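# Structure for this input, please:
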Amino acid sequence: MSIPASKMKTETLPAFTQGIKFFAPESPEPAAIAGPAIAAGKTAIGKIDDAAVYQTLLGADALRYLTLQVCSSKESGHPGGFASSADAYAALVMLGHTNIVTEVGHHAPGFYSAMFLDGSLEDMGIHTMDDMMARFRERHGLLGHLSGAIPGLLAPAGPLGQGQHFAMAGAYLHPDKLFPFTLGDGGMGEPYVLSSMMHFHTAYPKCTNFLPVLVWNGYSQEHHSMVSIKSNEEMIRYWKGHGFENVVLVDAKLFDDTNQTGDYVDSTLFSPATRLAFTRAVLEQMKHAADAAMHGQLTVFIIKQLKGAGVHAVGAKSHNLYPGDNADKPNIAEGLQKRALSPRAWQLVRENFQRAGGGPAVKTVVTEFELALPELGELPKKEFPVGEKAVPSTAMGALVGEVGKRDRRFVVTNADGNEASGMKNINEALQIRHPTADSLYNQGPEGQVYEPLSEDACAGFAGGLALFGSRALWLSYESFVINGMPIIQTVAQAMAELRRKTPSIVNMYTAGALEQGRNGWTHQRPEIENYMASLMRTGNYYSLFPCDANMIQVAYEWATNSFNKAIAIVASKSALPVYTTIEQAKQAIETGAIGLYETATSNKTGNKGTIVFAVTGDMVLLPVFEAKAELEKQGYKVRIVCVANPRRVYRPSDVAWDTVAQADSKFMSDAEFDALFSGDILIGVTGGASGSLEPVMLRTRAPIRDVMCWKRGETTASPAEIMAFNGLSAADIVKRIQLLDRA
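Okay, here's the model as predicted:
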């Protein structure tokens, strides 16, 4: 029988429990409660005895209680999924493994509860249950899904199918630590989750110190999970088919002494003795799984029990709370009363959680510290003479290889192959990571180029490495970027919130639409540039459009030396004219734009007015320069401006720059802008989507302005033909000027 907090003597309650609504009475407890199972000065239980088992059970119930009450405080949030994982989470903590990641954003209140128990949330002013409830799902508080900004939590969790990337990145960077990550059976069906781990294990066979913890509870968000019909044997074969040597499964159904129906049961309904037996099995098998993962065996731990175990409802109905679902509602009050702990038990759980792993997570987990980075120094850029032709992607590739030589942790990821992007020099310098050594293909088992045939896996591993403090680079065809972009956005948002510096996640997208004529529309999807353009307003996202082989080297060096940003470089793999010196390129990336050409003043030109071309891209400059020659013949003065870093061209008020970590307050001044873009007619020209030109169009005071950009893809024989199809030929540009001037 539980006791309302109002009837408890305040002086008998641990201070952090202020706000907890129900307590169990103090009563003669087993000897196991005499003191914490994790002894003072230790980081984990010494052995799995009655004390460890009993206190693991208390820890699981404490997590369930806090999760349900904190959600009910706002009549929203997701208690059910985490509730079915609470036993596994508590077991990991008692075993000293606290570098825990999740791919389930809906488990957020459970993870917050764990950080509350170990005291990590005190770093953000949350000391009591009242504090946690006040800050839950509030701005500057505990947002609805996990954020890397929350003290003690390693990584964000929102879109499903991402958690394994963070766990694998942590395992790669810290081979002496275990990185468990919880995975819901609803999210297991997301693309690439198991296949990405299988590929990673093939490439890094010694890196097994990440541990998927599958929460197999039979339900997704609003219905049964798609794997709910699998038998235990089928689930084991499924994981073994993806390379897992050790599949450790604890099924609550095998312990049921209450005759529950169905394949998924609630362990909190078992008799006390059977609950302890189930908890012992979870603890013992979790230790077996963790030890195996730390000693070279690819391992998964699966806990199979009903969703919502121990809270207010079960199945998909336990997933979410809705308006009216507060602590006074009978089913929620009953759930809290059943999970209530005595004051002494609360204190015991807190002491165990505070000692696990060597201290509160905020003081011990790897992402609470900046990872030491090797010094790169100035990179050896090659200056190509202005007027000659050079391949931008190849020029950047040489620098990428140098970064990898100077930083042996550095990883390049690419799904479609560097050689196809004119960057074979990266493979030659760093080697493709592959178990088969073959010099013809520049591959070997120690390579630094990671090539899973999945953009999700490429973006995920690179993004995870950057978030966890290491340098990385994701290379992709622009047309396939969308398959990996969601995790880059997740990482960018997390970096914006971090309380520490971490290297920016750098991406480079080659083979733009204009180069992919014969491949047709399947390889012509520059619309992604609008997605990236919209992200520039968030404050720490940058799209860079270097105009030549010199500028791309400067862009990559600038990006590599930056922190807490997401930076995309868009460039071609064709030999193109060089327009800028290295010094001019530095100016362009730093200020945002630079003039590439301006008609010399004479009596024969300029009498019809000044035409300004604001251009993002490199290949599209070819028709622009061709058009300027014709326009000059017609009496126009022409200025061509490369918009290299449009984020810097925005007005400060356009961008949330002051809300992000490692804030960048550099923006082009009005005087600088007018010097570059003032004219009678301003034409924005891009070979991609128009969003990259938004900052110019917002600020221009030109009386006539227009945009010429990509429209749609088609199969063509040459870049010139695809530009003509999209109305971007020199003749199209001249015609547009004539029409605007007449208007």
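# Look up the closest residue to Glu103, ignoring the ones flanking it.
Once flanking residues are discounted, Glu103 sits nearest to Gly163: 2.6 Å by Cβ to Cβ, 6 or more residues apart in numbering. Backbone N, C-alpha and C define where each C-beta goes, glycine included.
# gap between that neighbour and Leu693?
Distance from Gly163 to Leu693, counting by Cβ to Cβ, to the nearest Å: 37 Å.
# who has more neighbours, those two?
More crowded of Gly163 and Leu693, by other Cβ atoms under 10 Å: Gly163, with 32 against 29.
# How confident was the prediction at that one?
Model confidence at Gly163, given as pLDDT, is 90.
# ok, the residue nearest to Glu103 touching Gly105?
No - contact criterion Cβ atoms under 8 Å: Gly163 and Gly105 do not qualify, at 9.4 Å.
# Pull up the overlap in contacts between the two.
When Cβ atoms under 8 Å, 6 or more residues apart in numbering defines a contact, the residues bordering Gly163 and Gly105 alike are Ala157.
# now the chain, which segments are flagged as low pLDDT?
By pLDDT under 70, the low-scoring segments of the chain are 1, 28-32, 190-191, 602-606, 743.
# Confirm that Gly357 sits in a helix.
Yes - the assignment for Gly357 by DSSP: H, G, I helix; E, B strand; the rest coil puts it in a helix.
# The helix or strand hosting Gln164 packs against which elements?
Assigned by DSSP states H and E, Gln164 falls within helix 163-173. Judged by 3 or more Cβ pairs under 8 Å, 6 or more residues apart in numbering; DSSP states H and E, helix 163-173 is in contact with strand 101-102, strand 179-184, helix 193-203, strand 210-216, helix 455-467.
# Go through the following helix or strand past the last one and flag the buried ones.
Spelled out, it's helix 455-467. Once helix 455-467 ends, the next helix or strand along the chain (criterion: DSSP H and E) is strand 472-477. Neighbour-count burial for strand 472-477 flags Ala472, Leu473, Trp474, Leu475, Ser476, Tyr477 (criterion: 16 or more other Cβ atoms under 10 Å).
# Return the distance of the first one relative to Pro175.
Distance from Ala472 to Pro175, counting by Cβ to Cβ: 17 Å.
# Then the second one?
In this structure, Leu473 and Pro175 are separated by 22 Å, where distance is defined by Cβ to Cβ.
# so the nearest residue to Gly691 once chain neighbours are set aside is in which element?
Excluding its sequence neighbours, the residue lying closest to Gly691 (Cβ to Cβ, 6+ apart) is Ala533, at 3.0 Å. Taking DSSP H and E as the definition, one finds Ala533 inside helix 528-535.
# Report all helices and strands that the longest helix that the chain contains contacts.
In the chain, assigned by DSSP state H, the helix with the most residues is helix 50-74. On a contact count with 3+ Cβ pairs under 8 Å, 6+ apart, helix 50-74 meets helix 80-83, helix 86-94, helix 108-117, helix 129-135, helix 272-294, helix 330-339, helix 343-355.
# With Val386 as the reference, name the closest of these.
With Cβ to Cβ as the criterion, Val386 lies closest to helix 108-117 of the helices and strands packed on helix 50-74, at 53.6 Å.
# Name the residues of that closest one that come out as buried.
Buried residues in helix 108-117 (16+ other Cβ under 10 Å): Ala108, Pro109, Gly110, Phe111, Tyr112, Ser113, Ala114, Met115, Phe116, Leu117.
# So which of those residues is the closest to Val314?
Nearest to Val314, judged by Cβ to Cβ, of the buried residues of helix 108-117 is Gly110 at 16.1 Å.
# Next, the contact list for the closest one, please.
Leu63, Thr67, Pro79, Phe82, Ala83, Ser85, Ala86, Tyr89.
# repeat that with 6 Å
Neighbouring residues of Gly110 by Cβ atoms under 6 Å, 6 or more residues apart in numbering: Leu63, Thr67, Phe82.
# Can you tell me how far the last one is from Ala293?
Separation of Phe82 from Ala293 (Cβ to Cβ): 22 Å.
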